[in-house]
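[1] Sequence and computational prediction follow.
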Amino acid sequence: MAIYIPLFIAPVIFLLLIIIASGGMEKKDWSLFTGSYFLGILAALPMLVAVYYVKHYWLEHAASIRRIIFFAFALIGFLSEFSKFLILRYKYITNTALTKPFDGILYGVMISLGYSTLANVFFFYEWDYTSQISIVLYTLPVANLLTGIVLGFFVGMGKFRKPSFIDSITGLGAAIFFLGFYNFCLFSEDYLLLGLVAAGTLIITVTLSIKSLNTDMKSMM
């Protein structure tokens, strides 16, 4: 049973967040917030389909650093974050229920948790690129939660700043970079670098979250 524990990390965090949110949100806003998790599950599908269909090509060329970079940044990093971005930017940020920049982080995190739920199940059965599958399964939800904060911060700020596309592009680019770097560490099995990347990303996300909470809305209008 222990091998299934990491599959429950993202769903458990999701349940905790919606329980907390139920005490401070109106019912319609709570439903909107909860629904973003399930759309996040759908956001994982483009990446999963792409990885599935190129998997055999990857196995034949596993030693190539160019293939590792392609998988890490383009196939997984870009497809994952671009799918999350589309949902966050065009489904939720435009909604009037989001009234402050920090809301972007909340929805970015929720979408990322949904994504992580399905991605972890997929990799549980399909991951054979490296031997340390447990590291992948335990770190994937955390990594996507952090990139969800990065993406949510910039897209959330973009709702209240003009031109908004600059924040959107910055958030998308930063999220792809961080998730791609995380993937690169997994594929190359450089776990020391993975720890350093995780620590640096955590510091950045905490800083962005504090900045978002402390943003003076009047100065942005």
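    Yes, it's here.
[2] Which residues does the helix or strand harbouring residue 178 contact?
    Assigned by DSSP states H and E, residue 178 falls within helix 164-188. With contacts defined as C-beta atoms under 8 Å, 6 or more residues apart in numbering, helix 164-188 is touched by 68-69, 71-74, 76-78, 80-82, 84-85, 89, 129-130, 135-136, 139, 143-144, 146-148, 150-155, 157-158, 161, 191, 193-194, 197-198, 201. In this view, the C-beta of every residue, glycine as well, is placed from N, C-alpha and C.
[3] Could you list the low-pLDDT ranges of the protein?
    Under the criterion pLDDT under 70, the flagged ranges of the chain are 56-63, 216-221.
[4] Can you give me the end-to-end span of stretch 66-75?
    12 Å (C-alpha to C-alpha, to the nearest Å).
[5] how far does it sit from the chain's center?
    Mean C-alpha position of stretch 66-75 versus that of the full chain (C-alpha atoms, centre = their mean, to the nearest Å) differs by 17 Å.
[6] List the contacts of that stretch.
    The contact list for stretch 66-75, computed with C-beta under 8 Å, 6+ apart, reads 47, 50-51, 54, 58, 61, 129, 176-177, 180-181, 183-184, 186-188.
[7] so which of those would you say is closest to residue 111?
    Minimum distance to residue 111 across the contacts of stretch 66-75 is 13.5 Å, recorded for residue 47 (C-beta to C-beta).
[8] Provide a list of residues in contact with that closest one.
    Listed by C-beta under 8 Å, 6+ apart, the contact set of residue 47 reads 75, 76, 79, 80, 83, 119.
[9] let's go with 10 Å and repeat that
    By C-beta atoms under 10 Å, 6 or more residues apart in numbering, the contact list for residue 47 reads 75-83, 115, 118-119, 122.
[10] Kindly report the same for residue 130.
    By C-beta under 10 Å, 6+ apart, the contact set of residue 130 is 62, 136, 186, 187, 188, 189.
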